[in-house]
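>>> the sequence and its predicted three-dimensional model are supplied below.
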Amino acid sequence: MGLFGFFKSQFIEVIEWTDSSTNTLVYRFPVQGNEIKMGAELTVRESQVAIFVNEGEIADVFGPGRHLLWTQNMPILTKLKSWKHGFNSPFKAEVYFVNTKQFINQKWGTSNPIMMRDSDFGIIRLRGYGIYSYRVSEPTVFLRELFGTNASYDTSNIEEQLKKMILSGLTDLFAESKIPALDLAMHYDELSTLGKEKMEERFSKFGFAITSLYIENLSLPAEVEQAMDKRTSMGVIGDLGQYQQFQAAEALREAARNEGGGLAGAGAGLGAGAALGGMMTNAFTGNNQQANTPNPTNAQSDKINCPHCNELILADAKFCKECGKSVQTKKVPCINCQAEINKDAKFCGECGTKQETEKTCGKCGHKNALHAKFCGDCGESL
């Protein structure tokens, strides 16, 4: 080898990686065109793993610590290169440092709303966002499945893939949970834990371990939230008649403050006074009128649909006026909690107990009445 060739191919005596970034997953040590000196010093810091690759094949893996490179601590590379014992010449190999620390504060969110069926609002569109963290748990699996031959690899290269995996799993989890939208906030912790467990197997296929997953917020569309705000406002107002009286009193006070000038002002004041007087009369007598006027809503609620022809009939009617069939459903007590249920019900709507109509003898298989204590065929105790 000439002098020029010697300087072109220097021997590497120290191999290490000082990570100055916050999101690098893999770093390839620059050994291209150079050879590693046998007996070179390899320094692997905490939360790092060094992997030697020979001609595209993963060889020896080194954990944290200071290592002197000899054939004794590179058994796989020694075998792949067919080195004899005591080999002391420089060699060529690729060295990759894999970062095994936790990558925290990785964000996920719904780019499109999740369609769900809710018990209170029917079909709704749900949006959500949160954070998760992960680390490389199997460096060789990660190197084989994702990294390839790049010079470096950071979290942005895998971010979209992981985010879509999380959204797919959480969408399935939210739908299966059947938790009403109004109660989702009180189950964030439980859903986060279940979501993390659901993701573990998916992450492990890439050599990752998901260390945490948190749901920060789940929200409904703006129009649904506005409807909820209106319903809340009506609950705060309470009695509508009293609220009308309060509004009328406020209007009178504002009219008294607004003093008009001249004859036109006096006429306007008289007109306003007459109008406000009518408002006050209606407001203060509204309760009596409401009490004397039949409420169409209540009258409507006193009616039910015939189970046979769907005709609207009175709730206490015994027969349908349209088809003439009986509409009274016979009630019987539940065999477990004694709650009243329909005679032909198979399960109790209160405690969920299956309603058995007969007992089977365990000895002879004879069918007996539900409340029988002994078998009518063989006399065996039931």
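It's in.
>>> any low-confidence regions in the stretch 51-200 of the chain?
149 (pLDDT under 70).
>>> residue 33: neighbouring residues, count only.
Per other Cβ atoms under 10 Å, the neighbour tally for residue 33 reads 9. Quick note: C-beta positions are derived from backbone N, CA and C, even for glycine.
>>> am I right that it is in a strand?
No: Residue 33: not assigned to a strand; according to DSSP: H, G, I helix; E, B strand; the rest coil it is coil.
>>> I'd like the distance between it and residue 230.
Relative to residue 230, residue 33 is positioned 72 Å away (Cβ to Cβ, to the nearest Å).
>>> could you do residue 146 as well?
50 Å.
>>> just the helices in the stretch 201-350 of the chain please.
222-237, 240-257, 262-284, 286-292, 296-301 (DSSP state H, counting those that start in this stretch).
>>> circling back: same drill for residue 146 and residue 230, tell me which one is more crowded.
Under the neighbour definition other Cβ under 10 Å, residue 146 and residue 230 were set side by side, and residue 146 has more, 18 against 10.
>>> can you tell me which residues contact the more buried one?
153, 157-158, 206-207 (Cβ atoms under 8 Å, 6 or more residues apart in numbering).
>>> just give me how far stretch 181-194 sits from the chain centre.
Put simply, stretch 181-194 sits 7 Å off its chain's centre (Cα atoms, centre = their mean, to the nearest Å).
>>> buried ones in that stretch?
181, 184, 188, 191-192, 194 (16 or more other Cβ atoms under 10 Å).
>>> could you pick out the longest strand of this structure?
strand 122-136 (DSSP state E).
>>> what's it packed up against?
strand 103-109, strand 114-118, helix 159-177, helix 188-204, strand 208-219 (3 or more Cβ pairs under 8 Å, 6 or more residues apart in numbering; DSSP states H and E).
>>> what about those, which gets the closest to residue 48?
Minimum separation from residue 48 across these (Cβ to Cβ) falls at strand 103-109, 14.0 Å.
>>> run me through the strand neighbours of that closest one, direction for each.
Here strand 103-109 is paired, per DSSP bridges, with strand 122-136 (antiparallel).
>>> give me the buried positions along the strand it pairs with.
Those would be 124, 126, 128, 130, 132, 134-136, for strand 122-136 by 16+ other Cβ under 10 Å.
>>> please apply the same query to stretch 68-81.
Buried-residue list, stretch 68-81, by 16+ other Cβ under 10 Å: 69, 71, 74, 77-78, 80-81.
>>> what's it in contact with?
15, 36, 38-42, 52, 54-55, 57, 59-60, 67, 83, 85-87, 91, 93.
>>> so which of those belong to strands?
15, 36, 38-42, 52, 54, 57, 59-60, 67.
>>> by neighbour count, which of these wins?
Result: residue 52 is most packed of these (other Cβ under 10 Å), 24 neighbours.
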